[in-house]
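1. With the input below, show me the fold.
(chains A and B)
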Amino acid sequence: MRFIVRRLGFYLVAAWVSITVNFFLPRMMAGDPVQLMFARFQGRLDPRALDSLYATFGFVRGSLWVQYVTYLQHLFRGEMGLSISNFPVPVSQVIMTSLGWTIRLLTVALIFSVLLGTFLGMLAAWKRGKFVDNFILPASSLLNSFPYFWLAMLAVYTLALGRNWFPLGHAASVNISKDWTNWEYIRSVIHHATLPALTIVLTSLGGWLVSMRSSMISVLSQDYIVLAEAKGLSNRRVMVTYAARNAILPTVTGFAMALAFIIGGAFLTEIVFSYPGMGYSLITAVNTRDYPLMQGIFLLITFTVLAANLIVDIVYVFLDPRVRYA
Amino acid sequence: MADSVSISKSTAEPEKTVIASRLPTLGWFGQILHSRKATFGLIIVGFFALVALLADVIAPYEPTRMVGRPHEAPSSEHWFGTTRQGQDVFSQIVYGSRTSLMVGAMTGTTVMAIFVIVGITAGYLGGWVDDVLSLLTNVVLVLPALPLIIVVARYIERSGPLTIVIVLSLVSWAWGARILRSMTLTLREAEFVSAAKVIGEPSWRIILSEILPNMTSLVVSGWIGAVVYAILTEASLEFIGLGDPNLITWGTTLYWAQNNAALLTKAWWTFIPPGICIALTGFGLTMINFGIDEITNPRLRAQ
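-> Numbers count the residues shown, from 1 in each chain, chains lettered A, B, ... in the order given. Reported below is the predicted structural model:
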């Protein structure tokens, strides 16, 4: 319990840091941020939109502290302003529609990549120095070295364009109306998500693999493994229930850092596939200089990562009794 | 990704093994050459470094000039074909290696400087300094880097390699700092450090001549990891249009390929070569890192 409370405290600090960074970003621009930021929209923008922009970023009369407090107040009421490119839709609404797509895509891809990567890492460590190991390790690090978006482009080029096996992009066919109870629609969604998910799995696989492999190698030199072998247990039993079960713990701790990076890759993948998730929205916002949307997405993606980490921490407490009684 | 590689280091308890291998610099390099993986990596990276150095000699055309018809397929005249603007892709790749490697090396070095200072300060001083620095390190680690980089790069507006170096350096030092901190904590208790303290050596001498030399391999592999990450991320930023599109880099070649609908027009030669170059460079560097890992952590070595 104390472990969880301590972690919760840490995530609150991290959330506060990201909120504060978000506040200072527009103020970091050279010159007068308000002028620079809004000059582009002069004349084109509704006065109402301008007012809401000023308020959201805390550009009100008063000291920096007053501005900061105003900004925080708006944020806590869930007001992230209005999106400029989708005017006058509130930023929060734009984000909510794209968040769902990203979370669904990422969760499925992550489950596959963690399971497959951990399994291959276990195998590589068990057969250390043998063919499997010598092949898997370099192959996965080569795969890891490709830019995410490039693999996505390659996948589109070879599997979607060349063969017509998969759609070129988007989350679902436009011919079917959005209806989560309609099997046709669900099938179309799965069909559209396969290639993006596949690229994310391929590029993130190696991380889990390498981490599991070295953790497993450390565990394999422990005395209880020797004992288990001496007892005459089957190889499979020693590998899975004795070695892998203990080796998996460090992988779970590594999850936090890995997630932050995989999200970056998933964003790029979405861009190539025009997949209507957070990454695609972020790039649209960046290209149209939709500052409120940009900042809203950054905040929300950070909060999502923090929440995911908290969940992993809770899982960790169940996995490792030492944490519970410490 | 570089970071996934570094995850393995924490799990493999670098503390115990690195102390044992306190090696002079030359012998250390010699050992790298004994590792097949590292030698392979050095050859790849050396190749690209050579290409970057001799770009003027190797490139058959000026990379920005129109020297052929648009989207010409690869031929003996244009090894990697031409772009939509009729520029020679091979020449672009050759010149592009300069910027990519430069951004990588500069970012790696800046990141290294930051994580060495933060990590050692936190580990050596301890107390509230350590608490504050560790908290900062962990927060930076948990924030999603790429979205942050994208947003910051947009706000800075002045795009170009230098901006990319600065932004990348600010967000990617945390992992190295964390590793160096825990290593410093272990070394601080080592007997040779206590001996130096007894003699009355000043702190900076102890850090520079007793602690830092024992962490060379960690510092080098941290540098390599940062370089790999920088090369990949630079390409990503340029690909989404946050770089300077008028410069010749591997990332901008990809950006133009995407913008000129290289996929739909089936001009595969405009986007395949830069991706392969990026991957090979990153792969070579990762292989060197594996080699270093094997030297400092003999248990990882194939039996």
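
2. Neighbours of the residue of the stretch 101-250 of chain A found nearest chain B, how many?
-> Using C-beta to the nearest C-beta, A:Gly207 is the residue of the stretch 101-250 of chain A that sits closest to chain B, at 2.5 Å. Bear in mind the C-beta positions are built from the backbone N, C-alpha and C, glycine included. By other C-beta atoms under 10 Å in any protein chain shown, 31 other residues sit near A:Gly207.

3. Where does pLDDT dip in the chain?
-> All of this is about chain A. For chain A, the stretches with pLDDT under 70 are A:29-53, A:55-58, A:60-61, A:87, A:162, A:164, A:174, A:326.

4. that's the other chain; I wanted chain B
-> For chain B, the ranges with pLDDT under 70 are B:1-30, B:32, B:297-303.

5. ok, residues contacting stretch B:241-249?
-> If you take C-beta atoms under 8 Å, 6 or more residues apart in numbering or on different chains as the criterion, stretch B:241-249 is touched by A:286-287, B:63-64, B:92, B:95-96, B:99-100, B:103, B:150, B:153-154, B:159-161, B:164, B:234-235, B:237-238, B:251-252, B:255-256.

6. gap between the two ends of that stretch?
-> 12 Å (C-alpha to C-alpha, to the nearest Å).

7. in that stretch, what's buried?
-> By neighbour count on 16 or more other C-beta atoms under 10 Å in any protein chain shown, the buried set for stretch B:241-249 is B:241-244, B:247-249.

8. now do stretch B:196-215
-> B:196, B:206-207, B:210-212, B:214-215.

9. Just send those back as a markdown table, with distance to A:Ala15 and secondary structure too.
-> Converted to a markdown table, those look like this (distance: C-beta to C-beta, whole Å; DSSP: H, G, I helix; E, B strand; the rest coil):
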| residue | distance to A:Ala15 | secondary structure |
| --- | --- | --- |
| B:Ala196 | 42 | helix |
| B:Ile206 | 38 | helix |
| B:Ile207 | 34 | helix |
| B:Glu210 | 40 | helix |
| B:Ile211 | 35 | helix |
| B:Leu212 | 35 | helix |
| B:Asn214 | 37 | helix |
| B:Met215 | 33 | helix |
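
10. Return the member of these nearest to A:Ile262.
-> B:Met215 (28.8 Å; C-beta to C-beta).

11. Report the buried members of the contacts of stretch B:241-249.
-> Applying 16+ other C-beta under 10 Å to the contacts of stretch B:241-249 flags A:286, B:63, B:92, B:95-96, B:99-100, B:103, B:150, B:153-154, B:159, B:161, B:164, B:234-235, B:237-238, B:251-252, B:255-256 as buried.

12. I'd like to know how far B:Pro63 sits from chain A.
-> Distance of B:Pro63 to chain A, given as C-beta to the nearest C-beta, to the nearest Å: 20 Å.

13. Could I get the phi/psi values of that residue?
-> phi -70, psi -20 (degrees, to the nearest 10).

14. what number of residues lie near the closest residue to B:Val89 other than its chain neighbours?
-> Nearest residue to B:Val89, sequence neighbours excluded (C-beta to C-beta, 6 or more residues apart in numbering or on different chains): B:Phe80, at 3.8 Å. Using other C-beta under 10 Å, B:Phe80 is surrounded by 21 other residues.

15. who's in contact with the closest residue to B:Met102 other than its chain neighbours?
-> Spatial nearest neighbour of B:Met102, excluding adjacent residues (C-beta to C-beta, 6+ apart): B:Pro161 at 7.0 Å. By C-beta under 8 Å, 6+ apart, B:Pro161 lies in contact with B:99, B:102-103, B:234, B:243-244, B:247, B:249.
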